[in-house]
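1. Have a look at this fold, sequence not included:
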């Protein structure tokens, strides 16, 4: 395990990177022997700094839920991060570019919990019973670490992404909230349009064969650490499209069919 002082130093570097919008060197290059536990410890330290500064935990996200992304990242399970109150926007939002470094947009479903969930042993039926409603959501991901190191040309690893709070940056919710029995969540589809061009399409079954399974995995993973998912929290269950880069002036529309649309623009 990394020394606690080193973990705090890296968390401070991530905080400074986010505020200055200047990317920093990958932590996995600085600490080649680091582990997944080290990466989550860095994430926890950074989130703790934000909470100490006044931020409030609003939920969690699940990432790397598709098999293709896991293989590409050399990992055999998803990862997770924490959603904070200042990350949330609603349909039609103008997203300030000065908040981001290299933002990308992903299409997801958000589960809003009506009751607590704590693993181990949580099943899909438990998640569906605990869910108050599901709503379309766009996750804006970002990177405080370089994608490719300028000196060594080494590509960022999953350890870097986890340390970076699973690349969290913002969430835009919109469309039509639904109860879990109103639609077959596996077959919810969406198309992501940027500046009038359809960039990505996908189905929610791409998330572990059911988007609720992302929440199952998270509840059990956090449960093993003594952490519960709480009523009222928003859980992003995982993207079912590839991320699309956003630049200043870009207008995005995600069309979820009968579940409505989400619109946002980067200013």
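-> Cool, the structure landed. Since this is a predicted model, take the numbers as computed values, not measurements.
2. This structure: helices as residue ranges?
-> 4-20, 27-30, 36-52, 67-73, 124-130, 158-163, 211-223 (DSSP state H).
3. Dump those to JSON lines, plus distance to residue 237 and mean neighbour count.
-> Quick note: C-beta positions are derived from backbone N, CA and C, even for glycine. Converted to JSON lines, the helices of the chain look like this (distance: least, CB to CB, whole Å; neighbours: other CB atoms under 10 Å):
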{"stretch": "helix 4-20", "distance to residue 237": "25", "mean neighbour count": "16"}
{"stretch": "helix 27-30", "distance to residue 237": "27", "mean neighbour count": "19"}
{"stretch": "helix 36-52", "distance to residue 237": "19", "mean neighbour count": "18"}
{"stretch": "helix 67-73", "distance to residue 237": "14", "mean neighbour count": "14"}
{"stretch": "helix 124-130", "distance to residue 237": "9", "mean neighbour count": "17"}
{"stretch": "helix 158-163", "distance to residue 237": "18", "mean neighbour count": "24"}
{"stretch": "helix 211-223", "distance to residue 237": "4", "mean neighbour count": "24"}
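4. Let me know which of these is the nearest to residue 101.
-> Proximity to residue 101, assessed across those by CB to CB, is greatest for helix 4-20 (7.7 Å).
5. on that earlier part again, what's the least confident stretch among the helices of the chain?
-> For the helices of the chain, the weakest mean pLDDT is recorded on helix 67-73, namely a mean of 65.
6. rewinding a little: for residue 180, find the nearest of the helices of the chain.
-> Residue 180 lies closest to helix 124-130 among the helices of the chain, at 4.6 Å (CB to CB).
7. Need the helices of the chain in CSV (columns: distance to residue 90).
-> Below are the helices of the chain laid out as CSV (distance: least, CB to CB, whole Å):
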stretch, distance to residue 90
helix 4-20, 22
helix 27-30, 33
helix 36-52, 21
helix 67-73, 28
helix 124-130, 24
helix 158-163, 27
helix 211-223, 21
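8. what about those, which gets the closest to residue 91?
-> When these are compared by CB to CB, helix 211-223 sits nearest residue 91, at 19.7 Å.
9. what's that closest one packed up against?
-> Other helices and strands packing on helix 211-223, by 3 or more CB pairs under 8 Å, 6 or more residues apart in numbering; DSSP states H and E, are strand 57-63, strand 79-84, strand 104-113, helix 124-130, strand 131-141, strand 234-236.
10. ok, now which ones touch the closest residue to residue 181 other than its chain neighbours?
-> Among residues not flanking residue 181 along the chain, residue 128 sits closest, at 8.0 Å (CB to CB, 6 or more residues apart in numbering). By CB atoms under 8 Å, 6 or more residues apart in numbering, the residues touching residue 128 are 180-181, 212.
11. Tell me the one of the residues you listed nearest residue 163?
-> Residue 163 has its nearest neighbour among these in residue 212, at 27.4 Å by CB to CB.
12. ok, so what distance separates the closest residue to the closest one other than its chain neighbours from residue 173?
-> Ranked by CB to CB, 6+ apart and with sequence neighbours excluded, the top spatial neighbour of residue 212 is residue 127, at 4.7 Å. Distance from residue 127 to residue 173, counting by CB to CB, to the nearest Å: 19 Å.
13. Please apply the same query to residue 66.
-> Note on residue 66: its distance to residue 173, by CB to CB, is 22 Å.
14. likewise residue 138?
-> Taken as CB to CB, the span from residue 138 to residue 173 is 8 Å.
15. Between those two, which contacts overlap?
-> Jointly contacting residue 138 and residue 173 under the rule CB under 8 Å, 6+ apart are residue 262.
16. of the two, who's got more company?
-> Neighbour count, other CB atoms under 10 Å: between residue 138 and residue 173, residue 138 has more, with 30 against 20.
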